[in-house]
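[1] Fold the following for me, if possible:
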Amino acid sequence: MGTLLITNIGELTTFSGEVGDAMIVSDRVLWIGSAWSAPAADEALDAAGGAVLPGFVDSHSHIVFAGDRAAEFAARMAGSPYTGGGIRTTVAATREASESTLAANAFRLMREAMLQGTTTMEIKSGYGLSVEHEARSLRVAASLTSETTFLGAHIIPDDLGRVAGTTHSNGTNGQPFAQDRRAYVDLVCGQMLAECAPHARWIDVFCEKGAFDVDEARAILSAGVDAGLMPRIHANQLTYSGAVQLAVELDCASADHLTFLTDADVAALAGSSTVATLLPGCEFSTRSPYPDARRLIDAGATVALATDCNPGSSFTSSMPFCLAVAVREMRMTPWEAIEAATLGGAKALRREDIGHLGIGAQADLIVLDAPSALHLAYRPGVPLVRHVLHKGVRAL
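    Numbers count the residues shown, from 1 in each chain. Presented below is the predicted three-dimensional model:
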């Protein structure tokens, strides 16, 4: 592809040490420096004094789904607590939808996110909860991103625990999975994993009261690792579940949510390579306590921000919104939140080619209609993203 010279940059944020007011990109960042010394390029883009920063890396989303849970949201705003039980509503709607419908909806949401500056998006399954429907969800996800996550262990579905052509280790036949949890864990670790692994890079578990306990999560994540997937985990969203310690034990790339943390949890995260991924859209949409990002950062943990875009507990695709909420409600400075939404997300996906604008990095970047990236938190709700480049190609 050709080369693009970006000039008249008001503020350049690279998170890699390079400085300047101009840069040249193709699919990668090729040069950064002063405009007066810029090499020739095939095309030019005038940033008009706007800030340039890396594209947002949204490392936690659930955008392969069908249906609507607006009534559930309204009930929460009227005082009903969030329990996670509404996931079953989305499972039913997702199973009924066609693959083309799921793909169109996921594409729409991913495009919506990109127009707000997201250039990398992780996508989980988890609204199929059967071999057929989980594999289908991951096929859809894989058509949109390389960062796909098998989340067959989202909740225990209402299905019967008998799977045609198989017998379970406890000998049960035809009981609901809720009464035969071992059968569902066996299914996730066996046939479901075998069908889904070819379409996934990651494996995830919702380790929480009402979902999967620590021993079940360990078995599922270990099976995924044995199948060649890398682990991540939903941890401590609703209770002190023990999931953080498991995340560190298994070297999960990321432990996500983290509303409830003990001192031992914080110390474990700070002393590990597991990224603490915080999802402020979820707390905003469920009226739950916000995680204490300041506590994690001061302890030395690596923090990422992500949207948790899903139809039930955080139906937002906007990383700028999540960044602003994190600054206001989670005691992050604006620059800490910007770094968490870019470089932090890349670390949560164990990627070194995105989340920064160092020489050789993938040319994923945002040009703002504002002189500084600080305006992302300073002017919440304002559409400041003027241009988006993904692998050097203008998406906006």
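
[2] When you work out contacts or count neighbours from here on, use the C-alpha atoms and nothing else.
    Will do.

[3] got the contact list for the residue nearest the centre of the chain?
    The centroid of the chain falls nearest to H60 when counting by CA atoms, centre = their mean (1.4 Å). Applying CA atoms under 8 Å, 6 or more residues apart in numbering to H60 gives the contacts 121-124, 306-309.

[4] Just give the closest residue to it, not the sequence neighbours.
    Counting by CA to CA, 6 or more residues apart in numbering, D308 is the residue found nearest to H60 once chain neighbours are left out, at 5.1 Å.

[5] Is that neighbour in contact with H62, as I believe?
    Yes. D308 is within contact range of H62, at 6.6 Å (criterion: CA atoms under 8 Å).

[6] The two: which is more packed in?
    D308 (31 against 24; other CA atoms under 10 Å).

[7] how about the strands in the stretch 201-350 of the chain?
    For the stretch 201-350 of the chain, applying DSSP state E, counting those that start in this stretch gives strands covering 202-207, 230-231, 233-235, 254-257, 275-278, 303-305.

[8] Against which helices or strands is the last one packed?
    Contacting strand 303-305 under the criterion 3 or more CA pairs under 8 Å, 6 or more residues apart in numbering; DSSP states H and E are the following elements: strand 275-278, helix 293-299, helix 345-348.

[9] Turn the ones you listed into JSON lines, including distance to E43, mean neighbour count and mean pLDDT.
    Putting the helices and strands packed on strand 303-305 into JSON lines (distance: least, CA to CA, whole Å; neighbours: other CA atoms under 10 Å; pLDDT from 0 to 100) gives the following:
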{"stretch": "strand 275-278", "distance to E43": "38", "mean neighbour count": "30", "mean pLDDT": "99"}
{"stretch": "helix 293-299", "distance to E43": "41", "mean neighbour count": "18", "mean pLDDT": "98"}
{"stretch": "helix 345-348", "distance to E43": "28", "mean neighbour count": "27", "mean pLDDT": "99"}
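
[10] Output the ones you listed in JSON lines; the columns should cover distance to D68.
    Formatted as JSON lines, the helices and strands packed on strand 303-305 follow (distance: least, CA to CA, whole Å):
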{"stretch": "strand 275-278", "distance to D68": "24"}
{"stretch": "helix 293-299", "distance to D68": "31"}
{"stretch": "helix 345-348", "distance to D68": "28"}
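
[11] closest to G190 out of these?
    Closest to G190 of the helices and strands packed on strand 303-305, according to CA to CA: helix 345-348, at 26.5 Å.

[12] who touches that closest one?
    Residues outside helix 345-348 that contact it (CA under 8 Å, 6+ apart): 56-59, 253-254, 274-277, 304-306, 352, 354-355.

[13] Tell me the first helix or strand C-terminal of that helix.
    Moving toward the C-terminus from helix 345-348, the next helix or strand (DSSP states H and E) is strand 365-368.
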